[in-house]
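**Q** build me a model:
(chains A, B and C)
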Amino acid sequence: MMISKDLVIKTARKIIELFPRRHSDTDPFKVLISTVLSQRTRDENTEVSTKELFSKFKSPWELSKADPHDIYHLIRAAGMYRQKAQRIIKISKILVKEYDGRVPSNLSDLLKLPGVGRKTANIVLFVGFGIPALAVDTHVHRISNRLGWIKTTTPEATEKELTKILPKDLWGPINGSMVEFGRKICKPINPFCQKCPVSEFCEYFKEKR
DNA sequence: AAAACGGGGGC
DNA sequence: GCCCCAGTTTT
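**A** The predicted structure is shown next:
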């Protein structure tokens, strides 16, 4: 028995309202690079890294000419720093060469960039360009199923289902809010259901009782 | 489908 | 010490 679409939307809006995610910088280039650095990494770990990185390399032109060894120490805290260094330099080179130094604002061009997959591309589209885009990560996938919005086994299926259920104006905000909600309350293991503001609308909570 | 990439924080 | 993190690429 699936939860009604209206209730899903209502709950989604509540999560977005209670767990907002602020974006300090919405410059597409910075969003792109910092999101690549944030992959499989808590964003606290990359905040300092990106700040120092952008103070030294302010544009794709500058970053494209960087030596990987010169940025290892700047982004080390992000983890996978050798791979990520190589990727952001390569990305910068492509931006300079193919896109006149600008970040493309469409999905297919973004996906051509090394280290940019569906999730990263959609984050860039929404945060950098304000375009409605649903980036399904582990939080969105886990929480949507836990709440009983959908029954899916893969993030791809989750993305497909959620685009059908959620109105476009929620596609962008839901991602960041799910991350905050997932970290503070709806954790992968031992979620704080007793503190959860939407537990009354949650299948997982209902079944637990 | 599974492995590899990786340091940092929470418990 | 073990698990997880605004995943993607390679095998």
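**Q** beyond the helix or strand hosting residue A:50, next helix or strand please.
**A** According to DSSP states H and E, residue A:50 maps onto helix A:43-56. Downstream of helix A:43-56, the first helix or strand assigned by DSSP H and E is helix A:60-64.
**Q** quick one: buried residues of that following helix?
**A** Using 16 or more other C-beta atoms under 10 Å as the test for burial, helix A:60-64 gives A:60, A:63-64. All C-beta atoms are positioned from the backbone trio N, CA, C, and that covers glycine.
**Q** ok, now stretch A:87-94?
**A** A:87-89, A:91-94.
**Q** ok, now stretch A:146-166?
**A** Buried residues in stretch A:146-166, counted by 16+ other C-beta under 10 Å: A:146-150, A:152, A:155, A:158-159, A:161-162, A:165-166.
**Q** near the residue in chain A that DNA strand C sits nearest to, how many other residues are there?
**A** Of all residues in chain A, residue A:117 sits closest to DNA strand C, at 2.4 Å by C-beta to the nearest atom of the strand. Look at residue A:117: counted by other C-beta atoms under 10 Å, it has 13 neighbours.
**Q** go ahead and confirm it touches residue A:111.
**A** Yes: judged on C-beta atoms under 8 Å, residue A:117 makes contact with residue A:111 at a distance of 7.0 Å.
**Q** contact partners for the residue of chain A closest to DNA strand C?
**A** When contacts are counted by C-beta atoms under 8 Å, 6 or more residues apart in numbering, residue A:117 touches residue A:111.
**Q** now the lengthiest helix in chain A and helix A:43-56, what's the angle there?
**A** Ranked by residue count under DSSP state H, the longest helix found in chain A is helix A:81-99. Using axes from the mean of the first three to the mean of the last three C-alpha atoms, to 10 degrees, the direction of helix A:81-99 lies 50 degrees away from that of helix A:43-56.
**Q** got the contact list for helix A:81-99?
**A** Here helix A:81-99 has contacts from A:29, A:32-33, A:36-37, A:39, A:60-61, A:63-64, A:66, A:68, A:71-72, A:75, A:78, A:101-103, A:109, A:112-116, using C-beta under 8 Å, 6+ apart.
**Q** one more pass at 6 Å, please.
**A** Here helix A:81-99 makes contact (C-beta atoms under 6 Å, 6 or more residues apart in numbering) with A:33, A:36-37, A:60-61, A:63-64, A:66, A:68, A:71-72, A:75, A:101, A:113-115.
**Q** next SSE after it?
**A** helix A:107-111.
**Q** can you list contacts of that following helix?
**A** Outside helix A:107-111, the residues touching it (C-beta under 6 Å, 6+ apart) are A:104, A:116, A:121, A:124.
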